[in-house]
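Participant: Sequence plus predicted model, see below.
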Amino acid sequence: MMKKVPHLKTRSLGRYAALLVVSVGCYIAAFTFSGLVFIWFNPAGQDCGLNVFFIVMTMILAFGYAILALHP
């Protein structure tokens, strides 16, 4: 019979916590960068409809993929 390793459970919890923190940080960075791109490529007083369309569609698709990736 194999012996149980008591530190294995705490190690895997730490790894899951690190994975969660890095994942949330990457999602925050991605959506923050998308917001900055939206501000940068949508100057006031100019008609940039195509730019706004691509930025908004990219943000919607990224949000949808994030939800699909996190769904159990």
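Facilitator: Here it is on my side, so go on. Because the structure is a prediction, the values reported are computed rather than measured.
Participant: Mind naming the longest helix for the protein?
Facilitator: Counting residues, the longest helix found in the chain (DSSP state H) is helix 7-40.
Participant: Can you mark which positions in it are buried?
Facilitator: For helix 7-40, a neighbour-count test (16 or more other CB atoms under 10 Å) marks S34 as buried. Where you see a C-beta, it was placed from the backbone N, CA and C, and this is true even at glycine.
Participant: And the helix or strand just after it, how far out from the chain middle?
Facilitator: Next in sequence after helix 7-40, counting helices and strands by DSSP states H and E, comes helix 49-70. Distance, stretch centre to chain centre, for helix 49-70: 11 Å (CA atoms, centre = their mean, to the nearest Å).
Participant: And helix 49-70, what does it pack against?
Facilitator: In this structure, helix 49-70 makes packing contacts with helix 7-40, judged by 3 or more CB pairs under 8 Å, 6 or more residues apart in numbering; DSSP states H and E.
Participant: Can you list the low-confidence ranges for the chain?
Facilitator: Scanning the chain with the threshold set as pLDDT under 70 gives 1-11, 72.
Participant: Pick out the residue nearest the middle of it.
Facilitator: Geometric centre of the chain, nearest residue: Y27, 2.1 Å, by CA atoms, centre = their mean.
Participant: Who's the closest spatial neighbour of that one, skipping the chain neighbours?
Facilitator: When the adjacent residues along the chain are set aside, Y27 lies closest to A66, with 6.1 Å between them (CB to CB, 6 or more residues apart in numbering).
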